[in-house]
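Colleague: Mind folding the following:
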Amino acid sequence: MTIIMMMDFLIIFKNRFLVVLAGVLLYGCIDPFDAVFVDFESAVVIEATITDEMKQQQIFLSRSYEFEDEGPSAEPNATVSVSDGTGNTFSFEDTGNGVYVSTQAFAAEPGKEYQLSVTTQDGRSYGSEVTEITSSTTLDEIKAERITNDDGVDGMAILADSFDPSGNAKNYRYEYQETYRIIAPTWTPTSLVGEPGGGCALLKVPNTTDDEVCYTTDFSNRIIITSTEDLAEDRVSNFMVRFISRDNYIISHRYSILVRQFVQSNEAFTFFETLNELSGSESLFSQTQPGFLQGNVFSNDNRDERVLGFFDVSSVSEKRIFFNFDDFYPGEPLPPYIESCRFSSPPIASPAGCVLRPLIESGAGIYAGDNGEPLDGEGPFFVVPRVCGDCNVLGATEIPDFWIE
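Modeller: Numbers count the residues shown, from 1 in each chain. As a prediction, the model looks like this:
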């Protein structure tokens, strides 16, 4: 879950709680409840983490949105810059979808004071508190272990180890990027095409459009944090960054995960910790009642204007690991595929017209083999949903540059 989704939750929740509670008291839990909320206030959302990596840094600008909306709207054409307190200013350009990228590569350095400046296209000015980079701590190890979690689920735990002998780091946030191989279970080197002359007939031809092996990359979408503040030493040991159920198809073949460890200031850690707690409220009637969560970003024009997000300057360390399903589940059946891939054999035609050809040409179905002994009402070919015979539905055939067999 991103900052914008969580912060929208905090703003909208408080007002909606009162309306929902009134609805429950007046109508009970039988009649449907449909309300229109008119007190929503759109706010600028700033998601900015500058790191000690020499790269083109990124900042995300958007507007908060209500739950019934499709998603956040990007804040375009803003003027964005970061200064380092020594006369250097790094400009960012709008690359679309609310993503602003620095025009030159730079890395945050110890001893410098960084500050964010944003001016939106309507002339509103925003800034941040002065922030210094945190202590640098190496992510010592990332490992995968087969475990049974607290819910009794068998699966793979991705665990992180880290140690700061100076004891200055203490606060850690993690992100991950996972990439996995997908093998379409019913791919065949043959496909069906419609008879060129028209009609309902189909021809078997070499398959030049569908692929068997693809790769997909997903990103973490939740806040993952831990602290060693109350421990005897600044050591992170076997901290679970990710748990993947044994029945999740993403580990069916080869799986890789890149884990990034950010060292956070006390202020940044408290912000993300509170955000995580409030957004994780399990019930409208829980004791935690979310409201507005103030970060370190603000409006220069009106200090009463609500601005969401945080400007963080962090040291970062990362590691990547790979594993195969057989490494931990030797001889065991693969996890169920994302689709059941049941075979069907629609007739070529019915009294109402063509049946199979529209199914194939629309992409809804894909050839999976010949039906050697059709029963009454069946056609001569087996078909399955396209995702079962063409991995392009889920990923791309290009092998990632970092991939290792």
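
Colleague: What is the top strand by length along the chain packed up against?
Modeller: Under DSSP state E, the strand in the chain containing the largest number of residues is strand 307-324. Identification of packing neighbours for strand 307-324 by 3 or more Cβ pairs under 8 Å, 6 or more residues apart in numbering; DSSP states H and E yields helix 3-27, strand 44-51, strand 139-148, strand 154-163, strand 254-263, helix 266-279, strand 297-299. Yep, even glycine has a C-beta here, placed from its N, CA and C like the rest.

Colleague: which residues pair with Lys315 across the strands?
Modeller: Just to correct that, residue 315 is Ser rather than Lys. Taking DSSP bridges as the rule, Ser315 bridges to Val263.

Colleague: Against Asp326, how distant is it?
Modeller: Distance of Ser315 to Asp326, computed by Cβ to Cβ, to the nearest Å: 37 Å.

Colleague: next one: Glu113
Modeller: Glu113 is 52 Å from Asp326, by Cβ to Cβ.

Colleague: try Val205
Modeller: Taking Cβ to Cβ, one finds Val205 at 35 Å from Asp326.

Colleague: Next: Gly98.
Modeller: For Gly98 relative to Asp326 (Cβ to Cβ), the value is 41 Å.

Colleague: which stretches of the stretch 51-200 of the chain form strands?
Modeller: All strands of the stretch 51-200 of the chain, identified by DSSP state E, counting those that start in this stretch, fall at 58-63, 73-74, 79-83, 89-94, 99-102, 115-119, 125-128, 139-148, 154-163, 171-183, 190-194.

Colleague: which intervals of the stretch 201-350 of the chain have sub-threshold pLDDT?
Modeller: Scanning the stretch 201-350 of the chain for pLDDT under 70 picks out 280-291.

Colleague: if we can go back for a sec, could you identify the helix or strand that succeeds the longest strand of the chain?
Modeller: helix 325-328 (DSSP states H and E).

Colleague: Same question for that next one: list its buried residues.
Modeller: Residues Phe325 are the ones in helix 325-328 that count as buried (16 or more other Cβ atoms under 10 Å).

Colleague: In terms of secondary structure, what does it contact?
Modeller: So helix 325-328, by 3+ Cβ pairs under 8 Å, 6+ apart, packs with no helix or strand.

Colleague: Excluding its own residues, what touches it? List them.
Modeller: Outside helix 325-328, the residues that touch it by Cβ atoms under 8 Å, 6 or more residues apart in numbering are Ala144, Arg146, Met156, Ile251, Ser252, His253, Tyr255, Leu334, Pro335.

Colleague: Likewise for stretch 73-85?
Modeller: Outside stretch 73-85, the residues touching it (Cβ under 8 Å, 6+ apart) are 44-45, 50, 57, 59, 61-63, 65, 89-92, 94, 96-100, 102, 108-109, 112-121, 130.

Colleague: repeat that with 7 Å
Modeller: 44, 50, 59, 61-63, 65, 89-92, 94, 97-98, 100, 112-121 (Cβ atoms under 7 Å, 6 or more residues apart in numbering).

Colleague: Mind giving me the ChimeraX select for those, buried ones only?
Modeller: To isolate the buried ones among the contacts of stretch 73-85 in ChimeraX, judged by 16+ other Cβ under 10 Å, type:
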select :44,50,59,61,62,63,65,90,92,94,98,100,112,114,115,116,117,118,119,120
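
Colleague: now the closest residue to Pro347 other than its chain neighbours: how far from Arg342?
Modeller: Among residues not flanking Pro347 along the chain, Gly379 sits closest, at 4.5 Å (Cβ to Cβ, 6 or more residues apart in numbering). According to Cβ to Cβ, Gly379 and Arg342 sit 15 Å apart.

Colleague: The two: which has the busier surroundings?
Modeller: With neighbours defined as other Cβ atoms under 10 Å, Gly379 and Arg342 compare such that Gly379 has more, 17 against 9.

Colleague: Can you classify the more buried one by secondary structure?
Modeller: The three-state assignment at Gly379 reads coil, by DSSP: H, G, I helix; E, B strand; the rest coil.

Colleague: how far away is it from Tyr367?
Modeller: Taken as Cβ to Cβ, the span from Gly379 to Tyr367 is 11 Å.

Colleague: Check Leu375 too.
Modeller: 19 Å.

Colleague: So for those two, which sits in the more crowded spot?
Modeller: Each of Leu375 and Tyr367 has its neighbours counted (other Cβ under 10 Å); Tyr367 has more, 24 against 7.

Colleague: That one reaches Trp187, doesn't it?
Modeller: No: if you go by Cβ atoms under 7 Å, Tyr367 and Trp187 don't touch, sitting 10.0 Å apart.

Colleague: these two touch, right, Ser345 and Asn371?
Modeller: Yes: between Ser345 and Asn371 there is a contact under Cβ under 7 Å: 4.4 Å.

Colleague: Give the residues shared as contacts by the two.
Modeller: Glu378, Gly379, Phe381, Phe382.

Colleague: which of the residues you listed count as buried?
Modeller: So, by 16+ other Cβ under 10 Å, the buried ones in these are Gly379, Phe381, Phe382.

Colleague: is it possible to export those residues to a markdown table including pLDDT and distance to Tyr180?
Modeller: Compiled in a markdown table, these are given as follows (pLDDT from 0 to 100; distance: Cβ to Cβ, whole Å):
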| residue | pLDDT | distance to Tyr180 |
| --- | --- | --- |
| Gly379 | 95 | 35 |
| Phe381 | 97 | 31 |
| Phe382 | 97 | 27 |
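
Colleague: Arg320: which of the residues you listed is nearest?
Modeller: Phe382 (39.8 Å; Cβ to Cβ).

Colleague: As CSV, the buried ones among the shared contacts of Ser345 and Asn371 with distance to Asp390 would be great.
Modeller: Shown next, in CSV, are those (distance: Cβ to Cβ, whole Å):
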residue, distance to Asp390
Gly379, 20
Phe381, 16
Phe382, 15
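
Colleague: residues near Cys341, how many?
Modeller: Residue crowding around Cys341 was assessed by other Cβ under 10 Å; the count is 16.

Colleague: Specify the local secondary structure of the nearest residue to it once chain neighbours are set aside.
Modeller: Computed as Cβ to Cβ, 6+ apart, the closest residue to Cys341 that is not its neighbour in sequence is Cys388, at 3.9 Å. Following three-state DSSP, Cys388 is assigned to helix.
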